[in-house]
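Q: Build the 3D model from these lines:
(2 chains)
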Amino acid sequence: MTRTTEHSEPLPAEPSASTTLLRFATAGSVDDGKSTLVGRLLHDSKSVLADQLEAVERASAHRGQDTPDLALLTDGLRAEREQGITIDVAYRYFATPRRRFILADTPGHVQYTRNMVTGASTAELTVILVDARNGVVEQTRRHAAIAALLRVPHVVLAVNKMDLAEYRESVFAAIAGEFTAYATELGIPEVTAIPISALAGDNVVEPSAHMDWYGGPTVLEHLETVPVSHDLAHCHARLPVQYVIRPQTAEHPDYRGYAGQIAAGGFRVGDPVTVLPSGRTTRLAGIDLLGRPVDAAWTPQSVTLLLEDDIDVSRGDLIVPSADAPATTQDLEATVCHVADQPLGVGQRVLLKHGTRTVKAIVEDIPSRLSLDDLSPHPRPGRLAANDIGRVRLRTAEPLPADEYADSRRTGSFILIDPHDGTTLTAGMVGASLAARPAPEAADEDGWDF
Amino acid sequence: MTTTVPTAEGGEGVADGPYALSHLDALESEAVHILREVAGEFERPVILFSGGKDSIVMLHLALKAFAPAAVPFSLLHVDTGHNFPEVLAYRDRAVQRHGLRLHVASVQEYIDRGVLKERPDGTRNPLQTVPLTEKIREERFDAVFGGGRRDEEKARAKERVFSLRDEFSQWDPRRQRPELWNLYNGRHSPGEHVRVFPLSNWTELDVWQYIAREDIELPAIYYAHEREVFARSGMWLTAGDWGGPKEGETVQKRRVRYRTVGDMSCTGAVDSDADTIGKVIAEIAASRLTERGATRADDKLSEAAMEDRKREGYF
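A: Down below sits the predicted model:
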């Protein structure tokens, strides 16, 4: 999406060279070695400390195991330890001198699709594991489909247990080829395939001595170097207003700022902007970045926007560039993942939270339920049960300025809430389910062209 | 999990283009988003403030989030009665300086009234739950900010940013709401409340790097100083009126500092020469022990000690 407004100056570079943050998620079936990979990443990047390892050794010995069970590092709840399974998303933290990582460690079992969706919703990268002996299986296709649906920008295929396939290049090449073809069909823009042995440590943190034929990065090297900055040239600028800041003090008698986290793109002082849904227009008189005035700001910074005209703006409104405003609508069609135990049915009244706005809505229709294997549609299911993915048509009580999820993961997403007990029912993505549209063209040399 | 980044700035930068935020800026922006979301959606939010580094960072973020207006939250301190005097003094200074309102829930008062009983081990940390939850009910707080981080403990690694508590303040890890994108769901019924953790995604080292970057003042006990301590269960505890040392425990003067601030009866000091923030960061980066492993007795009670306390309403 090209912007129509123009500015001559480029934005200032990030002031301090520093570490960046990458959020990523893992996906793998029960026996693909996901816990071992996570344990290996944490252990080999020296993020497991002595007392944690000691606690794992103690607990393992207590159960009569000879070697420490690294899965105990990640399975934190009583029920998980009792059943030996992971029942919920957990977040792990580790770092290298180059980057900080937040890992959404999601259970791989199909009944926990909602957990993978949860993890993928904030992830910039997903690692999908396959067992080199089994290759691409049904579960692999499901993981790829969810990564495609959630539009995770980077997908890594980790072909694990290469030690049990004699480290053969042909085994890896066949799996990588099959997966990449399938991923392309789903519209996944980029796949990096890496042959590993999580158990032996090949190509996870240290390069493998057994696979001379592989010239690519280790898993950790790739995590460290994959780009995390946003391609602002192709983003609509969006600021959902969270809170109106009005000090009403002697020092700031007239200060009226609209606080929020920039959901996409960037803003610059002087930009003509429109406030939705009212449609009133003005210009940006100033941008405060946490108490400090700046000329420009971009996603995902939390800022306060000051407007030239005193127009009515409140929490739930969306501030956008006047030249690039989304249409507002009361009829949304979306792909959803149902995350609650109680089903979602046609005619159901719900609350819909989009950005900072929560409105009443009704489920008009559920045209299809998607097969998890390849997201092919099955018509008129009547309702969606826990972990189902489907298409839904919604009618909202008030107009919403929604983007297509394909254009903006933040302003194209919403959640449905049960108005009676507050349960989070459903995760929604506005517009087409898979990459029906071609990927945006490459950025101009200048980067951000407005 | 603590990390092994060797320096405050973390070595060479990553070529990520001009619009990548540094990890501290990204964490700060996310925390501010969470603070503002609560201000926008709740009637009676409160910040749990212990005078420890995490709650101090949380307050600092709140000051930035609403600048130039005042922080629209009051503070709540759960006073175990065994506080470090330096920390209480810091608390009162912060309240004064920023014109905030402070609520205090006092464990001592509950013991004096005979509602709570001192434990045989003298640890008062688990006793905080009742005064905390009763104060929440009494004041009808509907959102309670905590400085808890997911890297502290594996049960916390599973906790949501917005964590719904029932009318008994209980946490049920199996009935948590999935958190999708940054769309936090704060819906709750009367009597229920939401615990909110803006620092969920921060690690101990992030907190220290941020304190250094923002030049935030901390209570002096975080930096190495001479102190009268005695050994108990492999930790150095501060001698004092709270009940230590017991017979057979001997007091000695050592150069120590604290990695966490809590009840004096269960918060241990570590031997340290780190008397500046730069030295503290270097020390943490090189440490082979987690913050809680090094200094908290109460987490060692059982494999699920934290989970069990949280289920009852503890943070």
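Q: Which residues of the stretch 301-450 of chain A lie near chain B?
A: Residues of the stretch 301-450 of chain A that fall close to chain B, judged by Cβ under 8 Å from any Cβ of the partner chain: A:301-302, A:315, A:339, A:351, A:353-354, A:356, A:409-410, A:413-415, A:417, A:421-424, A:427, A:447-448. Just so you know, the C-beta spots here come from the backbone N, C-alpha and C atoms, and that holds for glycine as well.
Q: hang on, isn't B:Val194 packed against B:Asp142?
A: Yes. B:Val194 is in contact with B:Asp142 according to Cβ atoms under 8 Å; the separation is 6.9 Å.
Q: which residues do those two both contact?
A: B:Phe42, B:His188 (Cβ atoms under 8 Å, 6 or more residues apart in numbering or on different chains).
Q: out of these two, which sits in the more crowded spot?
A: Neighbour tally, B:Val194 and B:Asp142, criterion other Cβ atoms under 10 Å in any protein chain shown: the higher count belongs to B:Val194, 26 against 20.
Q: strands paired with the stretch of helix or strand that one belongs to, and their directions?
A: For B:Val194, the host element (DSSP states H and E) is strand B:193-196. In the sheet, strand B:193-196 lines up against strand B:143-145 (parallel), strand B:162-165 (antiparallel) (DSSP bridges).
Q: could I get those as a markdown table with distance to A:Val56 and mean neighbour count?
A: Formatted as a markdown table, these follow (distance: least, Cβ to Cβ, whole Å; neighbours: other Cβ atoms under 10 Å in any protein chain shown):
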| stretch | distance to A:Val56 | mean neighbour count |
| --- | --- | --- |
| strand B:143-145 | 32 | 26 |
| strand B:162-165 | 26 | 22 |
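Q: Direction included, what does the longest strand belonging to chain A pair up with?
A: The single longest strand within chain A, with elements called by DSSP state E, is strand A:357-370. With DSSP bridges as the test, strand A:357-370 is paired with strand A:349-354 (antiparallel), strand A:377-379 (antiparallel), strand A:389-400 (antiparallel).
Q: mind listing what's buried in that strand?
A: A:Arg357, A:Thr358, A:Val359, A:Ala361, A:Val363, A:Glu364, A:Ile366, A:Ser368, A:Arg369, A:Leu370 (16 or more other Cβ atoms under 10 Å in any protein chain shown).
Q: For A:Asn134, state which of these is nearest.
A: A:Leu370 (24.3 Å; Cβ to Cβ).
Q: Can you give me the pLDDT of that closest one?
A: The model reports A:Leu370 with a pLDDT of 90.
Q: How about the one 10 residues further on?
A: Confidence at A:Arg380, expressed as pLDDT, is 92.
Q: A:Ile366 is in contact with that one, correct?
A: Yes. Using Cβ under 8 Å, A:Arg380 makes contact with A:Ile366 at a distance of 7.3 Å.
Q: So which residues make contact with the strand holding B:Val194?
A: Here strand B:193-196 has contacts from B:34, B:38, B:42, B:45, B:136, B:141-146, B:161-165, B:169, B:171, B:186, B:188, B:315, using Cβ under 8 Å, 6+ apart.
Q: And for stretch B:164-172?
A: A:422, B:129, B:132-133, B:136-137, B:159, B:163, B:176-177, B:188, B:191-195, B:310-313.
Q: Give me the mean pLDDT for that stretch.
A: For stretch B:164-172, mean pLDDT is 85.
Q: can you tell me if the helix ranked longest in chain B touches chain A.
A: Longest helix in chain B, counting residues (DSSP state H): helix B:23-41. Yes. Helix B:23-41 lies within reach of chain A by Cβ under 8 Å from any Cβ, at B:23-30, B:32-33, B:36-37, B:39-40.
Q: how about these in CSV, adding pLDDT?
A: Shown next, in CSV, are those (pLDDT from 0 to 100):
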residue, pLDDT
B:His23, 94
B:Leu24, 95
B:Asp25, 95
B:Ala26, 95
B:Leu27, 97
B:Glu28, 98
B:Ser29, 98
B:Glu30, 98
B:Val32, 98
B:His33, 98
B:Arg36, 98
B:Glu37, 98
B:Ala39, 98
B:Gly40, 97
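Q: Just the residues of the stretch 301-450 of chain A next to chain B: which are in strands?
A: Those of those lying in strands (DSSP E): A:Ser302, A:Leu351, A:Lys353, A:His354, A:Ser413, A:Phe414, A:Ile415, A:Ile417, A:Thr424, A:Ala427.
Q: Summarise which helices and strands the helix or strand containing A:Leu53 is packed against.
A: Taking DSSP H and E as the criterion, A:Leu53 maps to helix A:50-62. When contacts are defined as 3 or more Cβ pairs under 8 Å, 6 or more residues apart in numbering or on different chains; DSSP states H and E, helix A:50-62 packs onto helix B:291-295.
Q: Of the strands paired with strand A:357-370, which stretch is the most buried?
A: Highest mean neighbour count of the strands paired with strand A:357-370: strand A:349-354, a mean of 21 (counted as mean count of other Cβ atoms under 10 Å in any protein chain shown).
Q: How about residues contacting that one?
A: A:344, A:358-363, A:394, A:396, A:400, A:402, A:411, A:413-419, A:425-426, A:428, B:183, B:185, B:187.
Q: hang on, A:Ala285 packs against A:Ile311?
A: No. Under the criterion of Cβ under 8 Å, A:Ala285 makes no contact with A:Ile311, lying 11.8 Å away.
Q: ok, A:Ala132 - contacts?
A: Residues counted as contacts of A:Ala132 (Cβ under 8 Å, 6+ apart) are A:Val159, A:Asn160, A:Lys161, A:Met162, A:Leu164, A:Ala165, A:Val171, A:Phe172, A:Ile175, A:Pro195.
Q: what's the burial count for A:Asp163?
A: Neighbourhood size, A:Asp163 [other Cβ under 10 Å]: 17.
Q: coming back round to it: for ChimeraX, write a command that selects the buried ones of the contacts of stretch B:164-172.
A: Buried members of those, defined by 16+ other Cβ under 10 Å, are picked up in ChimeraX with:
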select /A:422 /B:129,132,133,136,159,163,176,177,188,192,193,194,195,310,311,313
